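Engineer: Kindly generate the corresponding structure for this input.
(one chain, ligands or ions: 1)
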Amino acid sequence: MTEKKTYYITTPIYYPSDKLHIGNTYTTVAADALARFKRLTGYDVMFLTGTDEHGQKIQRIAQSKGVTPKEYVDVIVAGIKDLWKLMDISYDKFIRTTDDYHEKTVQKIFKQLYDQGDIYKGFYEGLYCTPCEAFWTETQAVGGKCPDCGRPVERTKEEAYFFKMSKYQDRLVKYIEEHPDFIQPESRKNEMINNFLKPGLDDLCVSRTSFSWGIPVSFDPKHVVYVWIDALSNYITALGYGQEDDSNYKKYWPADVQLVGKDIVRFHTIIWPIMLMALGLPIPKRVFGHGWLLVDGGKMSKSKGNVVDPVVLVNHFGVDPVRYYLLREIPFGSDGLFNNELFIKKLNSDLANDLGNLVSRTVTMIEKYFGGSVPAPSAREDVDDELINLASELPREVEKLMDDLKISDALDEIWKLVGRANKYIDETTPWALSKDESKKERLASILYNLCETIRIISVLISPFLPSTSPKINSQLGIDKSLTTWESLDGFGKFKPGVKVKRGEVLFPRIDVEGKLAELDKIREKQESEARKEDATSGRDNKAEQTKPEITMDDFAKLDLKTAKVTACEKIKGSDKLLKLQLAVGGETRQVVSGIAKQYTPEDMIGKTVILVANLKPIKLRGEDSFGMILAAEGDGKLSLVTMDSDIAPGSSVR
Ligand code: MSP
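Structural biologist: Below is the predicted model:
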């Protein structure tokens, strides 16, 4: 027996930093359709997805929630797995970068690159965008803003390890030129060559010391591996590369397709192949950078409040309409648009009207005219040929388009056959033939041709709409043996005599206006619940905007002291300010503080508070203030920081 050909397809690994939106799900749905298609056509497929769990951003979010980074990601990753279940994602392996085998292998990879001189130690000074975990140069970060997300970048200087990307630059350019299929679509290849490779590659900073949530560098553990080396390695560590059992690595690597959004093509077609070259490993056959799903007004983002929740859509419309929309609306290499109205209209036209009607009309006619048994065909007529030719050629056509990753074009072609079959019904008018007993044979042929066409359609849509296909098969009584790729070889394999059975409507028509109003209400409710949750957890936007990290040295610059309030009065003409006299060790200080709305002078006398003693003096309402006392602010209220046991005024606070 000959061995099956293998096919390895990967998605990017997702940041478990937030709930995934409908745009995020595109990469994985597209990869799933491709993986299912390849399985259908006889390949031994390995489909990998997972989560990218390290980095400063995750550490900061976890900190702000008062949990460990691992506790935080565990919850989000469970949610991501649930979402993939809901979206019918048939991955073969799910990798987490916190998996032990991954961490150990990344350490080995890092050490190997260091030992062979491709990684060296130096200093990094640059502009860093925390949310994107990317360094930028002065020219890239125009106006101090990250060119990807537009948020402010931070200047960072620290000891770091560097990867000699520059050493491999010429080899990479040559590789890209000699392998025209490596970066797709073509436009992205040109972008990489002209914008990044031609201007020259800088060596890449591959470790960080300013945060700890990462894989420690084994030989210098105050460094953690900089996120891209950690993240990109997942594609081979998941296969067992560098581990005891590397049989999957040997079987599946190099990847046939690495599917990524256009925002991360740069990392996958420059850093990644250079890493592989340095390790002496083969380069993936193709990296495909797909376009984005945009909503009215552009990119989906929490701050714009335009995030579309895939769970709400699936709960209302079922999974296949959502998959269909994503796969059909993002054309090869370009962006697509999402809004509820476009989505519902597409569902009504392509799924309810075209596909759903074709199936229900055919089954109904077989029940009505042939007692539910699929009749045998007889002589063909010209009008049949067009339908039959289209149906016979379609599998090859779709396979070619899928090989070129033209997923939406493949669906276009399938829907041409759906449309042709509906037109065939209108042209051949079975209802008229049914009235004439002498036309019974002709009527039988027409209905047989329709059943066989629907069978072909059902097999071909199975990778895209995996829960619709079995429903069609059960209505038409299609045997499992006739759902294979081989069964598409030649028109006419449907077995006459099979019983059909009308089932539930495949895609009920949606009342556009009514549903839009319903979805709007849900969205409002979700938004108000999110606001409430933020309020009750004491979390607000301000709290999430964490400040840049500081060192102990930075902190030590503050002179914090306990101080006892000995006198206090209101400042005339101000309803906010109190003037306080504080005993701080041997001295008395005057401080002006904006706490008058919460505290009266009587409340304050006798309290021990914390003073920032080395703050530059200022004048407020004409009164000198030599320092500041600490208070917390939240929900529009103030609360003083005080001591929970007696301590002498002037004690230092650390
Ligand atoms: N963790 C990195 C990838 C590391 S791979 C070694 C990452 N994660 S992500 O969660 O931010 O993005 C995951 C995928 O979602 C990416 O392919 C990204 O391009 C894609 N998308 C995010 N928003 C999208 C749309 N609006 N539309 C389509 N895809 C989009 O990047």
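
Engineer: what about the residue in the chain positioned nearest to the ligand, how many residues close to it?
Structural biologist: Nearest residue of the chain to the ligand (CB to the nearest ligand atom) works out as G261 at 1.6 Å. Where you see a C-beta, it was placed from the backbone N, CA and C, and this is true even at glycine. The tally of other residues near G261 (other CB atoms under 10 Å) stands at 18.

Engineer: Tell me both backbone torsions, phi and psi, for it.
Structural biologist: G261 adopts backbone torsions of phi -70, psi 160, taken as degrees, to the nearest 10.

Engineer: Go ahead and confirm it touches T27.
Structural biologist: Yes - the pair G261 / T27 is scored as a contact, 5.9 Å apart, by CB atoms under 8 Å.

Engineer: what is in contact with the two at once?
Structural biologist: Counting by CB atoms under 8 Å, 6 or more residues apart in numbering, the contacts common to G261 and T27 are P12, H290.

Engineer: Would you mind pointing out the helix or strand L337 falls in?
Structural biologist: Using DSSP states H and E, L337 maps to strand 336-338.

Engineer: what sits up against that strand?
Structural biologist: Outside strand 336-338, the residues touching it (CB under 8 Å, 6+ apart) are 22-23, 291-296, 308, 325-326, 329-330.

Engineer: just these that are near the ligand?
Structural biologist: Restricting the contacts of strand 336-338 to those touching the ligand (CB under 6 Å from any ligand atom) yields G23, W292, L293.

Engineer: Contacts only, for the residue of the chain closest to the ligand.
Structural biologist: Counting by CB under 8 Å, 6+ apart, G261 has contacts P12, Y26, T27, G289, H290, W292.

Engineer: Next SSE downstream of the lowest-mean-pLDDT helix or strand in the chain?
Structural biologist: Using mean pLDDT, DSSP states H and E, helix 541-544 stands out as the lowest-scoring helix or strand of the chain, at a mean of 37. On the C-terminal side of helix 541-544, the closest following helix or strand by DSSP H and E is helix 552-556.

Engineer: Please identify the buried residues of the following helix or strand past that following helix?
Structural biologist: Heading C-terminal from helix 552-556, the first helix or strand you meet, by DSSP H and E, is strand 560-570. Residues of strand 560-570 classed as buried: L560, K561, T562, A563, K564, V565, C568 (neighbour count, 16 or more other CB atoms under 10 Å).

Engineer: Quick check: bridge partners of the second one?
Structural biologist: In other words, K561. In this entry, K561 is beta-bridged to L611, S652, by DSSP bridges.

Engineer: and the least confident of the contacts of strand 336-338?
Structural biologist: In terms of pLDDT, the lowest of those is D296, showing 79.

Engineer: Just confirm it contacts N339, I think it does.
Structural biologist: Yes - between D296 and N339 there is a contact at 5.3 Å, judged by CB under 8 Å.

Engineer: Give me the more crowded residue out of those two.
Structural biologist: N339 (15 against 11).

Engineer: give the contact list for that one.
Structural biologist: Counted by CB under 8 Å, 6+ apart, N339 has contacts V295, D296.

Engineer: model confidence over stretch 453-468, on average?
Structural biologist: 98.

Engineer: Pull out the buried positions in it.
Structural biologist: 453-466, 468.

Engineer: what two of the residues you listed are the furthest from one another?
Structural biologist: The most widely separated members of the buried residues of stretch 453-468, counting by CB to CB, are T453 and P466 (20.1 Å).

Engineer: Can you list the helices and strands that whichever strand or helix holds Y424 packs against?
Structural biologist: Element membership for Y424, per DSSP H and E: helix 407-428. With contacts taken as 3 or more CB pairs under 8 Å, 6 or more residues apart in numbering; DSSP states H and E, helix 407-428 sits against helix 22-40, helix 319-329, helix 357-370, helix 382-403, helix 440-461.

Engineer: Output the set of residues of the stretch 1-150 of the chain in proximity to the ligand.
Structural biologist: P12, I13, Y14, Y15, G23, N24, Y26, T27, D52.

Engineer: Many thanks, have a good one.
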